[in-house]
Every structure is written in C-alpha cells, then in structure tokens.
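Visitor: can't give you the sequence, but here's the structure:
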C-alpha cells in the first residue's frame, strides 16, 4: 500500500479517506463519525480526524475519538488548492513516519450533503468532497420509511456530478424486519451498497449539544464522555461492516498538494512571548491560528485563569495576549473577583496588545449578565454583555476594516464566523467598532471589532490562514511592547 509523502512542493498525497454526510442535520453524522473514528483507532489505524466547517466542539469530540487533533476544513475560508494543501499539511504534521502506512482520514460533514450558502450549493459538504476527491458515506434516518429511502438515494446519486458515494448506513431502524425491507429496497432500486444498519437507541449515547458543557473540561473529555465513546465504538462495530468502509476509504485517489502556508516562517532574534488562555473557560482555538503565530515569530505560553501566577512581569514576561472563545458564562463563580481579570485590565490600559474573540470579548467587558446575576469582568472594553437563551449570532462573517486601528490596515477584507448566545447591551458599541460587516451580526449596528488602545474585542472568530497579516500584526505589536518595556 502506498503511504503519504511529504507534500511541501506539489507532491502526491496518498491518504485513505472518507466523508460522513446525511440528507439533513440530525441524520446521525456525528454518531457515525465518532463511532468509526474510535473503532478504527482501536483497530490500529492512525486516524486523522477532520470536521467540515467552523466547529470547535464537534472537532474536539473527533479528536478524542481518534486520539489525535482534529482539523477543520472549510471551503468558505480556503479554495480547493489550499484545502488539499491543508489536508496534506495535517497528514505531514500530525502523523509520524511509522503511522503513515496505517493512516485513515475520517471527515465529518455538516448539514445536508448538498446544503451550502446559496442555490449553487457553494461551501457544501458535496463541494468539499469533490475538491478532496473523497468517497461519501451517507447515513440516513429511516424512521417510518422503507421504499422511500431508495427514492431518496436515487435523487442524491444523480443530483450533482462528481460526487462518489461509497455506500449508506441506515440509522434508527425499528426492527430487523424493517432493516431488511429497507436494505432490499435499496439493493433493488439503486446501486448503493448498504454498509450498516443502526437500530434505534433507547437512550442517546452522546450528550445533546450546546454540546459539550457536561462532557468537556476545556478541550479535555470527561471520564463519562470517554466511556460514551467506547460504547459508541462497540455499537458501530456491531452494526457496521468496518472492513467495507476501510476498503472504500482506500479507493480514494491520490491528491496533489502544494504548500499550505503562503508566507515564509520568520526567525527573529527575539521571539515575543504571547500568552493564550486555554482552560475550561476559554478553549476555542484553531490549531492553525497558534501555528501562524509561531511561524510569525511568537513564542507561545499556555495560561489558565486558575494559574496562581501569570508571567506578566520581568524580562521573560508576556508581550501579548490572545483570548479565544469558550463558555465564560458557565464559570462566573470562578471568574468573579479573579485577580487575572484585574491584571488583564491593567495591562490593557498600559498598551499591552490583547486580541479577544467571543468568549474572550466577554472577559474584556465591564460585566456579564446571566439571569438575575451580574458579574464584574475585566472592564478593558466599555461593554456590558447579556447572556440570552437563544443564539444572537450564528454563521459566517464577512466585512471590511473601515477605521484606523493597530491590528489591521484600513480596507482589509476579513472573513470569519460567529456563534454566540450573548449580546452587547450598549447600543453605541457597534457604531465605534472598526469592522464593517456585509455578513454577520457582530456587536450590532452592522459592525464588529471594538478597539481601545491596543486591545481588540469581537464576536468574530478568525481562521488565520484565511486572514493574511493577522499573526504578523499581533507579533509586531508584541515586539513593539517588548521594546518599550525593557
């Protein structure tokens, strides 16, 4: 069997792979993807997990199932050439030489197979499958259906050219007789191979989502969630033809992959120290964002709000701070009166560079209201935030920098995504923000990205490979701060 090659300059990547998709959300993609990833890992495969689209939580589940970091593949951010390069980059950096002969990539799709941003299906799972030339394993909820499943598969097979179907897994079969009838209908009316039949579960093996609040301590799975993954792998192993799925993955053709990073790595004489908080409160970080900072010259240090001392002072102290997203609203007891908040406020006031997204924005605000409770936060930005029962911003973001600021040049096009249950109570905040939105909610008033001094706060999460200059800009600001304080 061929093995993946180093793909730094347009070489061939041989990587067995498959994408799990369905006809809609709730069709069983997550259950099947996690079960396959865990079962394959148990069988000795070097599972390389991927999640289609901007999703931190599903990606964390996939990483736990595979025992290896997951990578987000998103056609909204990257074109086909760069998506192929990203897959090759993941194979090169996350697999050892000894693991590559055993490599198998599992990609979890999102929404329905052909559902995209417009009537042409742009950025859909099918579009990703075509770009990566990856076989599609469908999972379909067959509740109260028999022959109609075959009709659905006929339509899916002929709807769009260039999509290769490896087979279908029947989900939520009511009985052995029901499963047999559906299977026979598929075999009679379609060319689809039935790869498995999953009986209806009396209880959900996985916690429902918002999704990981009871299942994650930061980005680490709880013991009960790990146990659920083992049960799920056993369930999939019992009801899916794993060898047939592996054979389908090995049928994927080789890909030509160029270099993923488009700018050379920098090696400055002094590497500014940028801290990022990664704990139960904040843990939404793309691996590529952290890698981009390191390539731009930064030395990264992982922090937690529970750390007894942060390395702020002295010659080896921090030169910048990156606050990602997360669930600060669930840790208000730990955050209330936390001395780290006062330190953030003090250094923000001095001109210390701080870049915060979503949950990090909440940390920088003056207060967070949740129900009848109002908790004082760092106060680095003149915002008050309210946590709401329903999402206040959901989906992709696109905009242009419309005001001078130290992070981005005016006219810079910015793409990202948002998913937040909170909203800003100060109506004027949006008017003062520097990112004019053509798509997305942000802070309101068609704006996002509030900047005070050298502190940035936004609801928008960025994906560094799609935002040239972000990492270099933050490193430059950190270097300037270091030069001032020594």
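Guide: In hand now; what should we look at? Values in this document were obtained by computation on a predicted structure and should not be read as measured data.
Visitor: and stretch 464-473, average pLDDT?
Guide: Mean pLDDT, stretch 464-473: 96.
Visitor: this structure - how does it break down into domains?
Guide: Domain assignment for the chain by automatic domain parsing gives 11-257, 273-485.
Visitor: now do the shortest one: distance from first to last residue.
Guide: What it means is domain 273-485. The first residue of domain 273-485 is 13 Å away from its last residue (C-alpha to C-alpha, to the nearest Å).
Visitor: same deal with the longest one?
Guide: Domain 11-257 has an end-to-end distance of 6 Å (criterion: C-alpha to C-alpha).
Visitor: before we move on, the earlier item: reformat the domains of the chain as JSON lines; add mean neighbour count and distance to residue 267.
Guide: C-beta coordinates here come from the backbone N, C-alpha and C atoms, glycine included. Listed next are these as JSON lines, based on neighbours: other C-beta atoms under 10 Å; distance: least, C-beta to C-beta, whole Å:
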{"stretch": "domain 11-257", "mean neighbour count": "19", "distance to residue 267": "18"}
{"stretch": "domain 273-485", "mean neighbour count": "20", "distance to residue 267": "7"}
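Visitor: any chance of those in a markdown table, plus distance to residue 265?
Guide: Converted to a markdown table, the domains of the chain look like this (distance: least, C-beta to C-beta, whole Å):
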| stretch | distance to residue 265 |
| --- | --- |
| domain 11-257 | 13 |
| domain 273-485 | 5 |
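Visitor: and these: which comes nearest residue 263?
Guide: Residue 263 sits nearest to domain 273-485 of all the domains of the chain, at 7.4 Å, using C-beta to C-beta.
Visitor: could you look up the SS state of residue 345?
Guide: Under the three-state scheme (DSSP: H, G, I helix; E, B strand; the rest coil), residue 345 adopts helix.
Visitor: shouldn't residue 167 be within a strand?
Guide: Yes - checked against three-state DSSP, residue 167 lies within a strand.
Visitor: bridged to it, which residues?
Guide: Beta-bridge pairing for residue 167 (DSSP bridges): residue 137.
Visitor: got the contact list for it?
Guide: Neighbour list for residue 167: 137, 138, 192, 193, 194, 195, 244, 245, 248 [criterion: C-beta atoms under 8 Å, 6 or more residues apart in numbering].
Visitor: for the last one, which non-adjacent residue is closest in space?
Guide: Think residue 248. The spatial neighbour of residue 248 that comes closest, neighbours along the chain excluded (C-beta to C-beta, 6 or more residues apart in numbering), is residue 166 at 3.6 Å.
Visitor: isn't that neighbour up against residue 129?
Guide: No - taking C-beta atoms under 8 Å as the definition, residue 166 is not a contact partner of residue 129, at 10.4 Å.
Visitor: could you give me the average pLDDT of stretch 236-251?
Guide: Mean predicted lDDT for stretch 236-251 stands at 98.
Visitor: swap in stretch 155-166?
Guide: Per-residue pLDDT over stretch 155-166 has a mean of 96.
Visitor: what's the pLDDT at residue 144?
Guide: Looking at residue 144, its pLDDT stands at 95.
Visitor: the helices in the chain, which residues?
Guide: Listed in chain order, the helices found in the chain under DSSP state H are 29-42, 57-66, 80-94, 125-132, 147-159, 176-189, 223-239, 242-250, 287-295, 332-335, 339-350, 359-364, 428-432, 470-485.
Visitor: turn those helices into CSV, including distance to residue 16.
Guide: CSV is the format used below for those (distance: least, C-beta to C-beta, whole Å):
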stretch, distance to residue 16
helix 29-42, 10
helix 57-66, 14
helix 80-94, 11
helix 125-132, 12
helix 147-159, 23
helix 176-189, 25
helix 223-239, 18
helix 242-250, 4
helix 287-295, 22
helix 332-335, 44
helix 339-350, 45
helix 359-364, 36
helix 428-432, 48
helix 470-485, 32
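Visitor: quickly, which of these bottoms out on average pLDDT?
Guide: Of all the helices of the chain, helix 428-432 carries the lowest average pLDDT, namely a mean of 83.
Visitor: and that helix, what does it pack against?
Guide: For helix 428-432, the packing partners by 3 or more C-beta pairs under 8 Å, 6 or more residues apart in numbering; DSSP states H and E come out as strand 447-448.
Visitor: give me that answer again for 6 Å
Guide: Using 3 or more C-beta pairs under 6 Å, 6 or more residues apart in numbering; DSSP states H and E, no helix or strand is in contact with helix 428-432.
Visitor: before we move on, back to that, dump the residue contacts of the residue nearest to residue 248.
Guide: For residue 166, the contact set (C-beta atoms under 6 Å, 6 or more residues apart in numbering) comprises 135, 137, 248.
Visitor: residue 29 too?
Guide: Counting by C-beta under 6 Å, 6+ apart, residue 29 touches 20, 22, 108, 109.
Visitor: if we can go back for a sec, and the contacts of residue 167, which is closest to residue 436?
Guide: Closest to residue 436 out of these is residue 138 (40.6 Å), distances taken as C-beta to C-beta.
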